[in-house]
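Colleague: Structure for the following, please:
(4 chains, ligands or ions: 4)
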Protein chains: 4
Amino acid sequence: MEFDENKEREKRKDEHVQLALLDDRLPPSHFDHLTFVHHSLPNIGWSDINLHVVLPDLDLKSPLYINAMTGGSEKTGKINAELAIIAKATGIAMGVGSQHAGLRNESLADTYRIVRRNNPEGTIFANVGADVLLDFALNAIEMLEANALQIHLNAPQELIMPEGERDFTGWLSQIEKIIKHVKIPVIVKEVGFGMSRNTLRLLKEIGVQYVDISGRGGTNFIGIENRRREKQEYDYLRGWGQTTPISLLEAQEYMNDMMIFASGGIRNPLDAVKCLSLGAKAIGLASPILRVLQNEGTERAIEELINWHEQMKTICTMLGARNMEELCAFPLVITGEVREWCEMRGIDIVAIANRGRL
Amino acid sequence: MEFDENKEREKRKDEHVQLALLDDRLPPSHFDHLTFVHHSLPNIGWSDINLHVVLPDLDLKSPLYINAMTGGSEKTGKINAELAIIAKATGIAMGVGSQHAGLRNESLADTYRIVRRNNPEGTIFANVGADVLLDFALNAIEMLEANALQIHLNAPQELIMPEGERDFTGWLSQIEKIIKHVKIPVIVKEVGFGMSRNTLRLLKEIGVQYVDISGRGGTNFIGIENRRREKQEYDYLRGWGQTTPISLLEAQEYMNDMMIFASGGIRNPLDAVKCLSLGAKAIGLASPILRVLQNEGTERAIEELINWHEQMKTICTMLGARNMEELCAFPLVITGEVREWCEMRGIDIVAIANRGRL
Amino acid sequence: MEFDENKEREKRKDEHVQLALLDDRLPPSHFDHLTFVHHSLPNIGWSDINLHVVLPDLDLKSPLYINAMTGGSEKTGKINAELAIIAKATGIAMGVGSQHAGLRNESLADTYRIVRRNNPEGTIFANVGADVLLDFALNAIEMLEANALQIHLNAPQELIMPEGERDFTGWLSQIEKIIKHVKIPVIVKEVGFGMSRNTLRLLKEIGVQYVDISGRGGTNFIGIENRRREKQEYDYLRGWGQTTPISLLEAQEYMNDMMIFASGGIRNPLDAVKCLSLGAKAIGLASPILRVLQNEGTERAIEELINWHEQMKTICTMLGARNMEELCAFPLVITGEVREWCEMRGIDIVAIANRGRL
Amino acid sequence: MEFDENKEREKRKDEHVQLALLDDRLPPSHFDHLTFVHHSLPNIGWSDINLHVVLPDLDLKSPLYINAMTGGSEKTGKINAELAIIAKATGIAMGVGSQHAGLRNESLADTYRIVRRNNPEGTIFANVGADVLLDFALNAIEMLEANALQIHLNAPQELIMPEGERDFTGWLSQIEKIIKHVKIPVIVKEVGFGMSRNTLRLLKEIGVQYVDISGRGGTNFIGIENRRREKQEYDYLRGWGQTTPISLLEAQEYMNDMMIFASGGIRNPLDAVKCLSLGAKAIGLASPILRVLQNEGTERAIEELINWHEQMKTICTMLGARNMEELCAFPLVITGEVREWCEMRGIDIVAIANRGRL
Ligand SMILES: Cc1cc2nc3c(=O)[nH]c(=O)nc-3n(C[C@H](O)[C@H](O)[C@H](O)COP(=O)(O)O)c2cc1C
Ligand SMILES: Cc1cc2nc3c(=O)[nH]c(=O)nc-3n(C[C@H](O)[C@H](O)[C@H](O)COP(=O)(O)O)c2cc1C
Ligand SMILES: Cc1cc2nc3c(=O)[nH]c(=O)nc-3n(C[C@H](O)[C@H](O)[C@H](O)COP(=O)(O)O)c2cc1C
Ligand SMILES: Cc1cc2nc3c(=O)[nH]c(=O)nc-3n(C[C@H](O)[C@H](O)[C@H](O)COP(=O)(O)O)c2cc1C
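Modeller: Residues are numbered from 1 along each chain as shown, chains lettered A, B, ... in the order given. Ligands and ions are numbered 1, 2, ... in the order given. So this is what the prediction gives:
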């Protein structure tokens, strides 16, 4: 039976990859409701731009990182190997998928370890769920000689997943315990449903320093798990969760207290720069990288990431922002549905539209 | 002539069922303008959820009930028989269609009585119009050994119905009289046009304790009756009435004084949970159940209702709400046309967007 | 040359009728942004409704009237004859088209006089432009033994009309002069471009008592005249002017000082009742009647108008409003583009959404 | 190599013309969110309208001018020759494209000089970039015996242009220097990305008196340059920049301090009049004129411009505005996305909706 459970988990991992590539994201993107105010006199040059990010115990050459996805089956192990090559070639950080499979079944551990093997000097994130025991978490870190640990919060996914978890009691205290004992940065992350003020407040109260608000708009795990159900009866729930822009706006009051990462539905370098301008310290990409890798191969994926960096610099030059801090001083005008949300929730977007240089 | 009138009424009952199944509801639903704030740390389990509803003189194992629809003709009697089997199998309450036919013509009474016969222990609602004499109402209750009496308000339907009533004087005092004499709960209900603050105030003033605001968005009796007219000249009136979300928002100030039920255009378990979160004590389904029953049979209808219960629990678990009261403490963000309505009418939706856990 | 000018005018009259029937109105209608608050307890009967309108020196059996359209050519004379039969059969008032043709060319006067001949006891409106000399106006009245005189303001039409007027100086003082000398009510009307606060203020200041704000949304004389131009270069101007709902909202502060009539794009009895609820004293229909008459004949047009009256009564019964005054005490919720306009212009629509019975 | 660079520049000039004619503007236009309040009593005549514009050191017979486009290659030299004929025939001012090509390569200077040759008495604008040395600017003026000098700001274009500039340091001080030494009016202009409050403030601070906010909505140089890239990877940036209406609204507080010209996406005479009503002193047309010229020839282009003048007068007559100053006293109602922007940026559009005659 334990064997079967493993087999099933492996099958699930492969299905996730396959279904994530379907790309049935809900248009239009909330990113289109954020508009930079164009300034005709940038007064800087392209070579002035610095995308380096220095955070407590975490040094990122680039604000982009490959977010948690794969491992736990032969196929996804191979993907991990390629992602590691991409990360190494581009100098960006990288997470692996949930390591539970590798922790429960030693024969699968290599599908994660390959990442460190292929990228010995790279910045790598371990990944576990919030219900994991401390030892498990420590083993996950060790497995990768990880530079940071991601703990994912994925209640909606579990609930729609036919074989998923149904009890979410005690996650917060479990996270608190792990944070206390783990020496490297711990990043609490969503998996594509975004976060709210309330979630962030609770995380902050237990001492969480790093959060990836991973919002709605890209990979949709209610959609994916629903497709795996016989009757696909949860289709009406696909709109669940806060989009990435809304999550970042909900997070405004915590921007000084925590390192907020953004991910979920980042379509292009402009979306990424908008996140940075809303205070995000780093930007995670999952399905966009998976898609290029699977459809066009490793070389193209590396090229694509190099292009993203160049284009992010182009956009920063257009704005006249030399670095992350300056980006946050440029006005961003928020309209449409995102504006409505903020007005209802009392989030001060007029300040954001008029900040910095007037 | 009396005979003819009865024949005509029977024919009408059959036509209603047939036309209600056409499903030409006006998209999009106002329910799509209500959005729950996703919280990543529910801290409860699926088995913690309790959907039991205890109300004055009314104990509901589930907040769902089958709303008033059929009886009064051979065909609709058979539907009633099946609905009763469904109600029994799922443990939910059930109403019958207007009993005037059965009260005026003893030979048709059995098309209603079958409901009690098939579900001896169930919670059953009798149903009469607001122009009915007290004795009539008491007979309607007796006919079903009913646990509650629904009095329907359907002026727009009557006016568009070719053979309908044209005078609506005295409904309020008639309801007042019935309430005084009837020992079981009396539920004053709309039939799909929703309610306003003003209607609710008048009902409260005469001592009404139970209201079903049955709003626009699902079964549309102006559409149905217009189809029964030779020239179908009232098509432009199909948008008449308040939707169910707007009706519940109009009802906010009466939520503590009366038991408000919601019905009308509930498409899925998420809509149902949104109603509960806006303060509704129970959720009526009419056409959605009729549709499954007619198209797929009794067994599938039972299955479907069981699924609704499971899915409502899933959504409550996602939110972290153990029961109805807790549901009402979670923030719900209201946007679009529904927001516009509330701003015009002075309904405080900012409070609803920021309530409970921040 | 005078002859040619007349011929041309006759040709134009026929073209207007033909082009008006094209029905290329701009959807959607602003009337769809006005929503009545449904009340479930009307407490009145259909036979309680009274649509009679008593105004200073003007007694209207119905708030509906046939607005100024035809006369001045053989064809349009025939239309006038039929419209008069319709007006007589339904007891509604009726206007004729601009009488300049009949005043300048006696041989065409009969194309207007036929209206009085066919409807000796009816209420008939004469019609002239604002640049007309007093004598001309008096002759126009005499020609019809008219009960009221309409003076039309149609600057945009003239400007787009190839052969139209180009100077609009002195209209206001000309109107002032006519008002002083004419003994019957003088109705200053637009021809489908609506009115503004400013226009109404000026009209009020010179003592105008009756105004037809005839708004955008129905017959579009920029569209019609542009079609008559060789190059049709004014297509981009078709959206010019205030819609009928917006015009009535602009007129709110003058509702007590002047008798405001509404016309322009009234599509159905619900639109008409909405106008009455915004304070309009009467409702003019032009192209909708022309269309039925031309496409389906006189009998159907009469039937149609009788239906409109019945349906207006139905809607009043639904609301619980016995007459015009009561209609103005029912809440009307204004949203969308119309709301935006009112917010920009400082028109208090929250009051309208919450008036009367709460 | 210098030769090659010149060849490349010539090729680019031709490609710009070709790509600008593709007309893939982003619909709908923000101009559709500006609505004049129709007034039924203009009280003026068509012949009262005066479109003459007198500005410090600049006398424009018409507020329209042909904006900077061509020169620098054989083909574009021919276009310049025709544009000059058009400008002469219609009496409007005209700019040439960036003169860098002609300044660096004497053999190409004639492709600019032809403009003065064909229109000896006309008002002609020279054109250089903001990185140009003072001598260069003086030579550009001399080359055309120019009446004014346009300095273009086009950072986004340069950044997306494969061979474009990447450093924008020092533009402001460079402009300051030129202004101090040049005797004719200096117009600092965008090239289709619009301006912000901040840009305008900086320009004002260094003493700029003339600005052309040339906004988004028409010619899109991110789109054009992206098409010239092998991978066209910047497609997602096409929405960059402020539209012309938004730019003019951003400029409201500087309307008294500087002469603001408007250009970018002016589709028709109504758009032009809207700009004037928002305070613009003159209106630049680039691609619309290029399009008629290339598709239908010089004669039709002249005709078209004459029509624009007539139609602008028609619209002014409709409003009752005799001249530019009066136009700015008529209410303009701003809605939709443009309203949202203004609300976020604290721009007082309620004042604009209620100004002048109420
Ligand atoms: C195939 C796939 C598998 C994933 N598995 C995990 C996982 O195991 N752990 C985790 O924290 N997130 C997982 N995610 C979520 C991503 O890390 C990320 O939060 C989410 O996909 C949103 O980003 P995107 O829109 O760029 O894909 C997975 C995503 C994909 C596409
Ligand atoms: C076929 C049919 C018959 C109905 N007959 C009655 C009735 O007799 N009495 C009543 O109170 N409501 C009646 N209703 C209205 C329903 O109880 C309910 O208020 C309305 O259908 C809105 O719910 P829905 O959108 O889920 O159908 C009927 C509805 C249907 C579909
Ligand atoms: C064919 C036609 C001719 C018209 N001629 C006149 C006219 O001579 N004088 C006038 O005041 N209005 C005239 N009108 C305008 C109408 O009286 C009315 O103001 C306008 O058509 C808007 O109403 P509607 O949308 O119901 O057509 C004419 C309308 C039509 C359709
Ligand atoms: C083919 C073409 C070439 C242009 N070249 C220049 C230029 O050299 N210098 C400049 O200041 N603007 C240039 N522009 C920008 C125009 O002057 C104007 O700012 C812009 O096209 C927006 O106006 P439109 O939407 O009417 O085309 C060019 C525009 C076009 C269409």
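Colleague: Now do the helix or strand hosting A:R201, average pLDDT.
Modeller: According to DSSP states H and E, A:R201 maps onto helix A:197-205. Model confidence over helix A:197-205 averages 98 on the pLDDT scale.
Colleague: What helices and strands are in contact with whichever helix or strand comes after it?
Modeller: Sequence-wise, the next helix or strand downstream of helix A:197-205 (DSSP H and E) is strand A:210-212. Using 3 or more Cβ pairs under 8 Å, 6 or more residues apart in numbering or on different chains; DSSP states H and E as the contact definition, the elements that strand A:210-212 packs against are strand A:186-190, strand A:259-263. Just so you know, the C-beta spots here come from the backbone N, C-alpha and C atoms, and that holds for glycine as well.
Colleague: Now distance to ligand 2, mean neighbour count and mean pLDDT too, for those strands, in a markdown table please.
Modeller: Output for the helices and strands packed on strand A:210-212, formatted as a markdown table (distance: least, Cβ to the nearest ligand atom, whole Å; neighbours: other Cβ atoms under 10 Å in any protein chain shown; pLDDT from 0 to 100):
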| stretch | distance to ligand 2 | mean neighbour count | mean pLDDT |
| --- | --- | --- | --- |
| strand A:186-190 | 35 | 27 | 98 |
| strand A:259-263 | 40 | 26 | 98 |
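Colleague: Can you name the residues in contact with the longest helix anywhere in chain A?
Modeller: With secondary structure taken from DSSP state H, chain A has its longest helix at helix A:298-319. With Cβ atoms under 8 Å, 6 or more residues apart in numbering or on different chains as the test, helix A:298-319 has contacts from A:36, A:38-39, A:42, A:44-46, A:48-49, A:51, A:62-64, A:82, A:85-86, A:89-90, A:92, A:268-270, A:272-273, A:289, A:292-293, A:322, A:327, A:330, D:155-156, D:159-160, D:166, D:168, D:233-234, D:237, D:240.
Colleague: Show me what counts as buried in it.
Modeller: Within helix A:298-319, the residues that qualify as buried are A:301-305, A:308-309, A:311-319, counting by 16 or more other Cβ atoms under 10 Å in any protein chain shown.
Colleague: Same question for stretch A:283-298.
Modeller: For stretch A:283-298, the neighbour count (16+ other Cβ under 10 Å) marks A:I283, A:G284, A:L285, A:A286, A:S287, A:P288, A:I289, A:L290, A:R291, A:V292, A:L293 as buried.
Colleague: pLDDT score for the first one?
Modeller: Pointing back at A:I283 there. A:I283 is assigned a predicted lDDT (pLDDT) of 98.
Colleague: for it, which residues make a bridge with it?
Modeller: Taking DSSP bridges as the rule, A:I283 bridges to A:L64, A:A262.
Colleague: Quick check, it in contact with A:G265.
Modeller: No. Using Cβ atoms under 8 Å, A:I283 makes no contact with A:G265, being 11.2 Å away.
Colleague: quick one: A:T199 and B:N43 touch, right?
Modeller: No. Between A:T199 and B:N43 there is no contact under Cβ under 8 Å: 11.0 Å.
Colleague: neighbour-wise, which of these two wins?
Modeller: The residue with more neighbours, out of A:T199 and B:N43, is A:T199; 27 against 16, by other Cβ atoms under 10 Å in any protein chain shown.
Colleague: distance of the more buried one from A:F221?
Modeller: 17 Å (Cβ to Cβ, to the nearest Å).
Colleague: go on, A:F36?
Modeller: In this view, A:F36 and A:F221 are 30 Å apart by Cβ to Cβ.
Colleague: any idea which helix or strand comes after the helix or strand hosting A:M143?
Modeller: Element membership of A:M143 [criterion: DSSP H and E] is helix A:134-144. Sequence order places strand A:148-153 as the next helix or strand after helix A:134-144, per DSSP H and E.
Colleague: count of residues packed around the residue in chain A positioned nearest to chain D?
Modeller: Relative to chain D, the nearest point of chain A is A:G45 (3.2 Å; Cβ to the nearest Cβ). For A:G45, the neighbour count with other Cβ under 10 Å is 15.
Colleague: Might you report the residue contacts of the closest residue to ligand 4 within the stretch 1-150 of chain A?
Modeller: Taking Cβ to the nearest ligand atom as the measure, the stretch 1-150 of chain A has A:S40 as its residue closest to ligand 4, at 11.7 Å. Residues near A:S40 by Cβ under 8 Å, 6+ apart: D:L153, D:A155, D:E190, D:F193, D:M195, D:S196, D:T199.
Colleague: circling back to that earlier point, nearest approach to A:S173 belongs to which of the helices and strands packed on strand A:210-212?
Modeller: A:S173 lies closest, by Cβ to Cβ, to one member of the helices and strands packed on strand A:210-212: strand A:186-190, at 13.2 Å.
Colleague: which residue ranges form the helices in the stretch 1-150 of chain A?
Modeller: Secondary structure of the stretch 1-150 of chain A by DSSP state H, counting those that start in this stretch: the helices cover A:2-20, A:74-90, A:100-104, A:106-118, A:134-144.
Colleague: quick one, which of the ones you listed is nearest to chain B?
Modeller: Chain B sits nearest to helix A:134-144 of all these, at 17.4 Å, using Cβ to the nearest Cβ.
Colleague: Can you show me the CA trace of the closest one as PDB?
Modeller: In PDB, the C-alpha atoms belonging to helix A:134-144 read as follows (Å, rounded to 0.1, in the frame of the first residue of the first chain):
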ATOM      1  CA  LEU A 134      10.800  19.600  12.000                       C
ATOM      2  CA  ASP A 135      13.100  16.700  11.200                       C
ATOM      3  CA  PHE A 136      11.500  16.300   7.800                       C
ATOM      4  CA  ALA A 137      12.200  20.000   7.100                       C
ATOM      5  CA  LEU A 138      15.800  19.700   8.200                       C
ATOM      6  CA  ASN A 139      16.200  16.600   6.000                       C
ATOM      7  CA  ALA A 140      14.800  18.500   3.100                       C
ATOM      8  CA  ILE A 141      17.300  21.200   3.500                       C
ATOM      9  CA  GLU A 142      20.100  18.800   3.900                       C
ATOM     10  CA  MET A 143      19.000  16.900   0.800                       C
ATOM     11  CA  LEU A 144      19.800  20.000  -1.300                       C
END
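Colleague: Now do that helix against strand A:148-153: the angle between them, please.
Modeller: Helix A:134-144 runs at 130 degrees relative to strand A:148-153, counting by axes from the mean of the first three to the mean of the last three Cα atoms, to 10 degrees.
Colleague: could you give the angle of helix A:134-144 to strand A:186-190?
Modeller: Going by the same axes, to 10 degrees, helix A:134-144 makes 100 degrees with strand A:186-190.
Colleague: which other helices and strands contact helix A:134-144?
Modeller: Secondary-structure packing of helix A:134-144 (3+ Cβ pairs under 8 Å, 6+ apart): helix A:100-104, helix A:106-118, strand A:124-129, strand A:148-153, helix A:171-181.
Colleague: Reformat the ones you listed as a markdown table; add mean neighbour count.
Modeller: Shown next, in a markdown table, are the helices and strands packed on helix A:134-144 (neighbours: other Cβ atoms under 10 Å in any protein chain shown):
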| stretch | mean neighbour count |
| --- | --- |
| helix A:100-104 | 20 |
| helix A:106-118 | 19 |
| strand A:124-129 | 26 |
| strand A:148-153 | 25 |
| helix A:171-181 | 17 |
